[in-house]
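J.: no sequence on this one, just coordinates:
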């Protein structure tokens with residue numbers, strides 16, 4: 001996979017087991033990329049002009065389902081219970097991504113066009129531009145002792161990384177020393193809850 005800086009890194013996945021992953025996350029230094037939570041698939045995105053994607057009305061843009069809101073809260077509670085420090089929180093400006101991040105309850109959320117849906121990339125310089133900004137974000141080291149949290153779309157991860165997460169799934173990226181990143185873990189919403197429950201036993 002071609003990563004930031006134009007080099008090719010053939011080894012882009014180095015998965016840690018659950019215990020090692022949580023221990024590492026507690027020390028900070030990772031970027032946690034979440035695809036937005038479960039949505040209402042009876043709704044369809046209808047973008048006809050710039051900023052239509054900012055709508056929080058289901059007749060205009062697909063929104064979170066009630067199950068998705070509950071799941072986002074549960075994931076956020078699990079992250080807090082596991083003692084994982086979260087620093088900067090960014091989300092695509094779509095309502096479903098911003099709401100996912102807010103429902104997690106881990107801090108203030110900054111909207112970011114760096115990880116906006118690939119389907120509207122034409123407004124931001126095209127698909128390659130979104131891939132480049134997303135990769136740069138994932139390759140950026142968080143502030144010492146913290147992890148950055150990014151909530152965006154499956155199609156951005158699919159285009160910019162080796163993985164395609166399901167709704168609500170979190171992918172953990174470790175920035176490397178040469179301007180790229182490595183995938184060290186993937187956790188579904190159920191995985192986060194399971195790990196938090198295990199830690200409290």
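T.: That came in fine, so what should we check first? Just so we're clear, the structure is a prediction, and the values are computed from it rather than from any experiment.
J.: could you use CA atoms for every contact and neighbour count after this?
T.: OK.
J.: mean confidence for the helix or strand containing residue 195?
T.: Following DSSP states H and E, one finds residue 195 within helix 189-199. Here helix 189-199 scores 96 as its mean pLDDT.
J.: now swap in stretch 68-78 and tell me
T.: Averaging pLDDT along stretch 68-78 gives 98.
J.: same thing with stretch 110-128?
T.: Stretch 110-128 comes out at a mean pLDDT of 97.
J.: residue contacts, the residue nearest to residue 61 when sequence neighbours are not counted?
T.: Distances taken as CA to CA, 6 or more residues apart in numbering put residue 45 closest to residue 61, at 4.2 Å, once the chain neighbours are dropped. Residue 45 is in contact with 53, 60, 61, 62, counting by CA atoms under 8 Å, 6 or more residues apart in numbering.
J.: turn these into TSV, columns for secondary structure, neighbour count and pLDDT.
T.: Shown next, in TSV, are the contacts of residue 45 (DSSP: H, G, I helix; E, B strand; the rest coil; neighbours: other CA atoms under 10 Å; pLDDT from 0 to 100):
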residue	secondary structure	neighbour count	pLDDT
53	helix	22	97
60	coil	17	97
61	coil	20	98
62	coil	22	98
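J.: tell me where this structure has strands.
T.: Secondary structure of the chain, counting by DSSP state E: strands at 31-35, 86-91, 110-111, 147-152, 170-175, 181-187.
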